[in-house]
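Q: Have a look at this prediction, sequence included:
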There are 2 protein chains.
Amino acid sequence: MHSFEELVKAFATRFNTNHFPKEPNSLYEPGNYFLSMGGKRIRPVMSLMGCELFGEIPEDAWNVAIAIELFHNFTLIHDDIMDAAPLRRGMETVHTKYNSSTALLCGDVMMIKAYQYLNKIGLEHLKAVLEVFNKTAAEVCEGQQLDMDFEQQSNVLLDDYLHMISLKTSVLLAASLQLGAIIGGAGEANCKNIYAFGLHLGLAFQIQDDYLDAFGDPEKFGKDVGGDIRQNKKTFLLLHALQVATPAQKATIESLMQTNPPDKVAQMLAVFKACNVDAWAKELKEQYLAKAYEYFDEIAVTAARKTPLKDLASFLIQRDY
Amino acid sequence: MHSFEELVKAFATRFNTNHFPKEPNSLYEPGNYFLSMGGKRIRPVMSLMGCELFGEIPEDAWNVAIAIELFHNFTLIHDDIMDAAPLRRGMETVHTKYNSSTALLCGDVMMIKAYQYLNKIGLEHLKAVLEVFNKTAAEVCEGQQLDMDFEQQSNVLLDDYLHMISLKTSVLLAASLQLGAIIGGAGEANCKNIYAFGLHLGLAFQIQDDYLDAFGDPEKFGKDVGGDIRQNKKTFLLLHALQVATPAQKATIESLMQTNPPDKVAQMLAVFKACNVDAWAKELKEQYLAKAYEYFDEIAVTAARKTPLKDLASFLIQRDY
C-alpha cells in the first residue's frame, strides 16, 4: 500500500508525458500547455487508492487514473470558457492564451483521449468502467449547467444547490474511488459503499471550502478570503443565510450584493454570524463527514488497508480553523 | 438487404426518440431540439450498410449507428459555435437559440451519450469499435482545427487542404462503414478496404460539393450557388486556381476577394474557367471515385450484397450537371 504522497509521485511519472500526437500542433500544444500547469491530482490518486483497498495496482488502474485526470482537465478547460475565466492556477487559461474555438476543440479532444486510455484496459472490467465513467461524465455536465442556471436565479433552494454541487464536484470524486475499486476487483456492495463515501466526503469538502472562503484564516487558507462574497457567488453560506435571515437581515444582504460597498465582506460576515451561518456550516460539514465515515466503515476490507484513504480524507477535511 | 430509403426509415424509428433524461431540462432540451431538426442520416445508414455487406443487422449495429449520428451532431453543435453560424438547415443553431455555454455543454453531453450507446454493444466487438471510434473522433477534431488554421493562412497547399478535408469529413464516413463491417463480422482485409472506399468516396463527394457550389445548375443543386466564392471560402477550386493562375489571373482573384464587387461570382467563375479549374475538378473527382471503386471491388462479398451500397454511392456522386 502507498501513501497519498507516494501515489502522487508515481502518478506524475506516468502522467507527465505527451498524451497527444505532434500534429496538428495548433490543437495539441494547447492541451499539453494546460496539462503542464499541474494540479493536485486528487481524483486519479483517489482512484488508485480505491484500487489498492482491494489489491495491488495493476496496469489497468493507471490507465483509468490517467483517463480520470484527462476528463477532469477537459471539464476545467470548458468551464473556463463558460466562466470567461482569464486565469487558472495563476496562469492563462486556454481560451485566453489561444482562443475560444481552440479551447473548445482542445477540451473535446482531451475527453476523447480519456476514452482512448479507458479502452486500453482489459475486457474483464471494460464495460463496468465505461458505465460508471459515462454516467459520471454526463452528471458533471448536468452539474455545470445547473450551476449556470442558478447564477441567473434569485431564489435557489439549499437542497437544489446541494444537488448541483453533488453533480458538479462530488460524483467525480466518488466515481474515481469506485472505478479504482472495480479494477481492484471489489464486489457490488463494496463499490456502492466506496462511492457513497466519496460522494459525502466531496460534499463535506465543498461545504468546508465555502466556509473557509468566508471565515478562514487568510494565512492558513492561502486563498483570497472573501472572494465568494465579493463576487456574489451562491454558496452554502449565502443560501442558508437567505433562508434563515430576518426581513431586515435579508434586506442588508441584498443591498450589499447590489451596492458592493468597500467593506462588503466585513458587513456580510457580520450578518452571516448574526444568522449563525458559521456554526450551521460547521455542523452540516460534520454531518456529511460522519455519513461518509459510516459508508467507509462498511467497506469490507481490513482496517490496515484503509489507512492511506483515511489519511487522505483527514488531509482534505482540515480542522484547524 | 435493404435499400438506403428503407434503412433511413428504419433508423428514424429508432433514432427519433428522447435520448436524454428529462432533467436538467435546460441542458437536455437544447439537445433534443437540435436532433429534432433532422438530417440526411447518411453516416448511420452507411454504418448499417457496412454491416449488411457481411450479414444481418444485429442490435449492436443499431447502437453503433445511433452513436455515430449523435457524435456527428455533437460536432455540428460545436462547429456552429466556432463558426458563429446563426442557422443550420434553416433553423436557429443551439448557441443562437440558447447561448454558447449551453451549446458547449449540450455538445459535450451528446458525445458522452454516444459513448453510452457504444457501451451497449457486446463484448466481442467493443474494443475494436471503440478503437476506431476514438481514433476517428480525434481526427475529426484535428480536421476542424486545421480548417480554422487555414482560414487564417493566405497560402494553403492543395495537399494540406486534402488532408484537412479528409480528416474533417471523410474519416467519419469511412469509419461509419468500417464500424458497421466490424459488427457484421468482417475480417481485417475487408475492414481496410471498406474504410478506404469510404475515405475516397468522401473526398470525391467533397470535391463535387465544391464544384457544384461554383458551377452547379442552381435549379438542380438547390443550394445558394456561388456562396463559397462570395464568402472567400477556401475550396479545392480556389486553391487549385491560385496554384495554376498566371500572375495577372492571380491578381484578379485576390482583388475580387478583397473588393467584393457585385459581379464577384461571375468574374471569379470566368477566371476559374480560364484556368480550366472546372475540368480539373471533374477529373480529380473521377480519380478519387475510381480509387474508391477499386477498394470497393476488393471487398470479398458477392456482388449482390454490394448493390445497396453501390446505389448509395451513385446517389451521392451525381452526374447530371
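A: It's in. In this text, all values refer to a predicted model and were calculated from it rather than measured experimentally. Numbers count the residues shown, from 1 in each chain, chains lettered A, B, ... in the order given.
Q: burial measure for residue A:237, as a count.
A: If you count neighbours by other CB atoms under 10 Å in any protein chain shown, residue A:237 ends up with 25. Quick note: C-beta positions are derived from backbone N, CA and C, even for glycine.
Q: That one: which element?
A: Assigned by DSSP states H and E, residue A:237 belongs to helix A:236-244.
Q: Okay, buried residues for that helix please.
A: Within helix A:236-244, the residues that count as buried by 16 or more other CB atoms under 10 Å in any protein chain shown are A:236, A:237, A:238, A:239, A:240, A:241, A:242.
Q: And the helices in the stretch 1-150 of chain A?
A: Along the stretch 1-150 of chain A, counting by DSSP state H, counting those that start in this stretch, helices occupy A:4-15, A:25-36, A:42-52, A:59-83, A:94-97, A:100-118, A:123-151.
Q: TSV for those, including distance to chain B?
A: As requested, the helices of the stretch 1-150 of chain A are arranged in TSV below (distance: least, CB to the nearest CB, whole Å):
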stretch	distance to chain B
helix A:4-15	19
helix A:25-36	4
helix A:42-52	17
helix A:59-83	4
helix A:94-97	11
helix A:100-118	4
helix A:123-151	4
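Q: most packed of these?
A: helix A:42-52 (a mean of 27; mean count of other CB atoms under 10 Å in any protein chain shown).
Q: Report the inter-axis angle for the helix holding residue A:237 versus helix A:123-151.
A: Orientation check (axes from the mean of the first three to the mean of the last three CA atoms, to 10 degrees): helix A:236-244 against helix A:123-151 gives 50 degrees.
Q: After helix A:236-244, which helix or strand is next?
A: Next along the chain after helix A:236-244, taking DSSP H and E as the criterion, comes helix A:247-259.
Q: Give me the contact list for stretch A:125-134.
A: With contacts defined as CB atoms under 8 Å, 6 or more residues apart in numbering or on different chains, stretch A:125-134 is touched by A:60, A:64, A:67, A:71, A:118-119, A:121, A:175, A:178-179, A:182-183, B:112, B:115-116, B:119, B:123, B:126-127.
Q: quick one: low-confidence ranges for chain A?
A: Chain A contains residues with pLDDT under 70 at A:221-223, A:319-321.
Q: Apply 90 and report the result again.
A: Applying pLDDT under 90 to chain A flags the ranges A:1, A:89, A:154-155, A:216-225, A:318-321.
Q: okay, now the domains of it?
A: A:1-137, A:187-321 (automatic domain parsing).
Q: Kindly reformat the ones you listed as CSV containing distance to residue B:224.
A: Below are the domains of chain A laid out as CSV (distance: least, CB to CB, whole Å):
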stretch, distance to residue B:224
domain A:1-137, 25
domain A:187-321, 46
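Q: Tell me how far the nearest residue to residue A:22 once chain neighbours are set aside lies from residue A:93.
A: Once flanking residues are discounted, residue A:22 sits nearest to residue A:28: 7.1 Å by CB to CB, 6 or more residues apart in numbering or on different chains. For residue A:28, the distance to residue A:93 (CB to CB, to the nearest Å) stands at 17 Å.
Q: Wait, residue A:267 touches residue A:260, no?
A: No: in this structure, residue A:267 is not within contact of residue A:260 by CB atoms under 8 Å, at 10.7 Å.
Q: More neighbours: those two, which one.
A: Ranked by neighbour count (other CB under 10 Å), residue A:267 and residue A:260 place residue A:267 first, with 16 against 11.
Q: Which secondary structure elements does the helix or strand hosting that one sit against?
A: Assigned by DSSP H and E, residue A:267 falls within helix A:264-274. If contacts are counted by 3 or more CB pairs under 8 Å, 6 or more residues apart in numbering or on different chains; DSSP states H and E, helix A:264-274 sits against helix A:188-215, helix A:227-230, helix A:236-244, helix A:247-259.
Q: how does it look with 6 Å?
A: Judged by 3 or more CB pairs under 6 Å, 6 or more residues apart in numbering or on different chains; DSSP states H and E, the packing partners of helix A:264-274 are helix A:247-259.
Q: Spell out the secondary structure type for the closest residue to chain B within the stretch 201-321 of chain A.
A: Minimum separation of the stretch 201-321 of chain A from chain B (CB to the nearest CB) falls at residue A:234, amounting to 15.9 Å. Here residue A:234 is coil, with the state taken from DSSP: H, G, I helix; E, B strand; the rest coil.
Q: Which phi and psi values does it adopt?
A: Residue A:234 adopts backbone torsions of phi -70, psi 120, taken as degrees, to the nearest 10.
Q: so how far is residue B:190 from it?
A: For residue A:234 relative to residue B:190 (CB to CB), the value is 57 Å.
Q: what's the answer for residue A:247, then?
A: Using CB to CB, one gets 75 Å for the distance from residue A:247 to residue B:190.
Q: Look at these two and report which has more neighbours.
A: More crowded of residue A:247 and residue B:190, by other CB under 10 Å: residue B:190, with 21 against 7.
Q: what sits against the closest residue to that one other than its chain neighbours?
A: Counting by CB to CB, 6+ apart, residue B:190 lies nearest to residue B:299, which is 5.5 Å off, once chain neighbours are set aside. Residues near residue B:299 by CB atoms under 6 Å, 6 or more residues apart in numbering or on different chains: B:190, B:193, B:194.
Q: What values do phi and psi take at residue B:299?
A: Backbone torsions of residue B:299, given as degrees, to the nearest 10, read phi -70, psi 120.
Q: One more: the one 3 residues further on?
A: In terms of degrees, to the nearest 10, the main-chain angles of residue B:302 are phi -60, psi 150.
Q: Can you pull out the residues in contact with stretch A:107-117?
A: If you take CB under 6 Å, 6+ apart as the criterion, stretch A:107-117 is touched by A:19, A:31, A:63, A:66-67, A:70-71, A:73-74, A:77-78, B:134, B:137-138, B:141.
Q: Can you tell me how far residue A:196 is from residue A:80?
A: 30 Å.
Q: likewise residue A:39?
A: With CB to CB as the criterion, residue A:39 and residue A:80 are 13 Å apart.
Q: Residue A:308 now?
A: 32 Å.
Q: what's the neighbour count on the closest residue to residue A:12 other than its chain neighbours?
A: The shortest distance from residue A:12 to any non-neighbouring residue, by CB to CB, 6+ apart, is to residue A:41 (7.2 Å). Counted with other CB under 10 Å, residues neighbouring residue A:41 total 20.
Q: give me every residue that touches the closest residue in space to residue A:202 that isn't next to it in sequence.
A: Nearest in space to residue A:202, with sequence neighbours left out and distances taken as CB to CB, 6+ apart, is residue A:170 at 3.0 Å. Neighbouring residues of residue A:170 by CB under 6 Å, 6+ apart: A:199, A:202, A:203.
Q: which SS class is residue A:170?
A: Taken by three-state DSSP, the conformation at residue A:170 corresponds to helix.
Q: now it: how far from chain B?
A: Going from residue A:170 to chain B by CB to the nearest CB, to the nearest Å gives 17 Å.
Q: Next, find the distance separating that residue from residue A:207.
A: For residue A:170 relative to residue A:207 (CB to CB), the value is 11 Å.
Q: Equivalent analysis for residue A:159, please.
A: Relative to residue A:207, residue A:159 is positioned 14 Å away (CB to CB).
Q: higher neighbour count, the two?
A: Ranked by neighbour count (other CB under 10 Å), residue A:159 and residue A:207 place residue A:207 first, with 26 against 9.
Q: nearest spatial neighbour of that one, skipping sequence neighbours?
A: residue A:285 (4.3 Å).
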